[in-house]
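Q: whatever this is, show me its structure:
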Amino acid sequence: MIQLGLLITNKHRLLSVAAILDVFESANMFYEREHGAPFFNINLFSPDINPPQFYGAYEISSVTLAEQQNLILVPAFGAGDLKASIAKNQICIPWLWDQYKNGAEIASFCTGAFLLAAAGLLNGKEATTHIDAAMALASNFPEVIMKSDAVVTDDHGIYTSGGATSSFHLMLYLIQRFCGKELTLRTAKMFAIDMDREQQTYFGTFSPSLDHGDGLVNMAQQKIEKEYQEGSTIEALIQDIPASRRNVVRRFKQAVGVTPIEYLQRTRIEAAKKLLAQTDQSVLEVMLNSGYNDLKSFRQLFKKSTGVTPKEYRDKFNISRLDGSRMANRGVPHY
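A: Alright, predicted model coming up:
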């Protein structure tokens with residue numbers, strides 16, 4: 001029997017824990033029907049020295065008393081300050097390392113990757129997280145090999161997943177890894193999960209940090225966000241910033257996590273995404289209103305950034321089309 005340890009972190013996201021328990025309990029149910037016993041022995045652990053006695057139907061133990069596990073799952077953190085969430089779970093870091101060195105495999109879901117990164121367990125390894133948190137993870141933990149578009153990563157017994165529903169893909173990946181394909185397919189069907197998602201990029205929103213405390217970088221950010229539509233080069237946009245280009249680039253990358261050129265491109269692509277989702281402008285009009293002037297180049301950059309073409313993005317997310325689709329599905333005439 002596989003000893004599965006679920007870490008009930010401080011400030012965890014309730015939905016993440018509920019989903020993990022639901023999926024692995026269901027996998028156990030299917031396995032027990034055929035083999036007479038569950039495959040996973042689910043154990044819950046808390047960073048607290050004196051945790052509550054129960055979490056739902058499960059007894060919960062302190063990590064200080066935990067026996068060796070085969071697989072440890074770290075749920076997503078709830079909304080809020082991720083640095084504060086890490087600080088609240090510092091006691092878990094040596095425990096995770098001890099478990100890993102003694103043979104446990106460790107999986108984090110969504111922003112749970114920040115705890116593994118803070119522990120150094122992701123140094124030199126590929127990792128992903130919620131697409132909107134990827135920049136912060138890369139900026140704060142530069143030794144992590146960031147794969148922000150990935151749904152799931154697997155590197156030397158450390159697994160990570162993208163955000164929200166991508167967590168289900170990691171759970172299915174782990175069930176297949178330990179239990180095989182047949183049980184995985186039964187579980188996927190039960191939860192109505194499509195197993196062919198290959199990337200999460202198009203779910204992302206570019207939300208750069210503005211509270212990093214570097215006034216010069218804030219000045220450059222404001223300049224880019226105000227004038228991105230004009231089609232200017234980054235050199236032209238930052239020429240009035242009172243510092244050398246080299247200094248601006250260095251401080252910008254340190255504060256925000258990307259270079260000014262990357263920031264400009266992401267700002268333009270984000271503007272294009274909003275126009276595709278909220279208007280009926282043609283792709284050509286969207287291109288021009290986003291600061292680009294070459295349609296072929298725009299399409300290439302858009303697909304590289306989002307994983308889909310401008311047309312595919314509009315088909316997925318355009319508000320008026322989605323509303324029309326809903327009415328059609330309800331049998332309501334729309335015009």
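
Q: nearest residue to the middle of this structure?
A: Residue closest to the average C-alpha location in the chain (CA atoms, centre = their mean): residue 130, at 1.4 Å.

Q: quick one, strands of the chain?
A: Using DSSP state E, the strands of the chain run over residues 2-7, 40-46, 54-55, 58-62, 71-74, 105-108, 126-127, 145-146, 152-155, 158-161.

Q: which among those is found nearest to residue 175?
A: Nearest to residue 175 among the strands of the chain is strand 40-46 (9.0 Å), distances taken as CB to CB. For glycine as for every other residue, the C-beta is placed from the backbone atoms N, C-alpha and C.

Q: the closest one: which residues count as buried?
A: 40, 42-46 (16 or more other CB atoms under 10 Å).

Q: closest one of those residues to residue 243?
A: Distances from residue 243 to these, taken as CB to CB, are shortest for residue 46 (48.0 Å).

Q: OK, contacts around the closest one?
A: For residue 46, the contacting residues are 7-8, 52, 55, 60-63, by CB atoms under 8 Å, 6 or more residues apart in numbering.

Q: same thing with residue 291?
A: 228-232, 268, 271.

Q: got a quick PyMOL command for the buried subset of the residues you listed?
A: Selection command for PyMOL covering only the buried members of the contacts of residue 291, criterion 16+ other CB under 10 Å:
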select buried, resi 228+232+268+271
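
Q: thinking again about what came up before, so can I have TSV of the contacts of residue 46 showing distance to residue 262 and pLDDT?
A: Below are the contacts of residue 46 laid out as TSV (distance: CB to CB, whole Å; pLDDT from 0 to 100):
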residue	distance to residue 262	pLDDT
7	34	97
8	37	96
52	45	82
55	42	88
60	43	93
61	45	92
62	43	93
63	39	92
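
Q: which of the residues you listed count as buried?
A: 7-8, 55, 60-61, 63.

Q: and those, which is closest to residue 161?
A: Using CB to CB, those come closest to residue 161 at residue 7, 14.9 Å.

Q: what about residue 177, distance to residue 187?
A: 13 Å (CB to CB, to the nearest Å).

Q: between these two, who's got more neighbours?
A: Comparing residue 177 with residue 187 by other CB atoms under 10 Å, the one with more neighbours is residue 187, at 23 against 14.

Q: so that one touches residue 23, yeah?
A: Yes - Residue 187 is within contact range of residue 23, at 6.5 Å (criterion: CB atoms under 8 Å).

Q: now do the contacts for the residue nearest to the centre of the chain.
A: Residue 130 neighbours (CB under 8 Å, 6+ apart): 76, 110-111, 162-164.

Q: change it to 7 Å
A: Residues near residue 130 by CB atoms under 7 Å, 6 or more residues apart in numbering: 110-111, 162-163.

Q: end-to-end on stretch 119-133?
A: 18 Å (CA to CA, to the nearest Å).

Q: could you chop this protein up by domain?
A: Domain assignment for the chain by automatic domain parsing gives 2-203, 215-321.

Q: and among those domains, the most buried is which?
A: domain 2-203 (a mean of 19; mean count of other CB atoms under 10 Å).

Q: nearest residue to residue 50 other than its sequence neighbours?
A: residue 62 (7.1 Å; CB to CB, 6 or more residues apart in numbering).

Q: partner residues bridging the one you found?
A: residue 46 (DSSP bridges).

Q: tell me how far it lies from residue 116.
A: Relative to residue 116, residue 62 is positioned 20 Å away (CB to CB).

Q: tell me which strands and helices the biggest helix by length in the chain is in contact with?
A: Longest helix of the chain, by residue count under DSSP state H: helix 14-35. Taking 3 or more CB pairs under 7 Å, 6 or more residues apart in numbering; DSSP states H and E as contact, the helices and strands that helix 14-35 lies on are strand 40-46, helix 166-179, helix 181-190.

Q: out of these, nearest to residue 276?
A: Ranking those by proximity to residue 276 (CB to CB) places helix 166-179 first, at 22.6 Å.

Q: which helices and strands sit right next to that closest one?
A: helix 14-35, strand 152-155, strand 158-161, helix 181-190.

Q: residue 146 pairs with what?
A: Going by DSSP bridges, residue 146 forms beta bridges with residue 127.

Q: for residue 205, give me the pLDDT.
A: Confidence at residue 205, expressed as pLDDT, is 68.

Q: cheers, nothing more for now.
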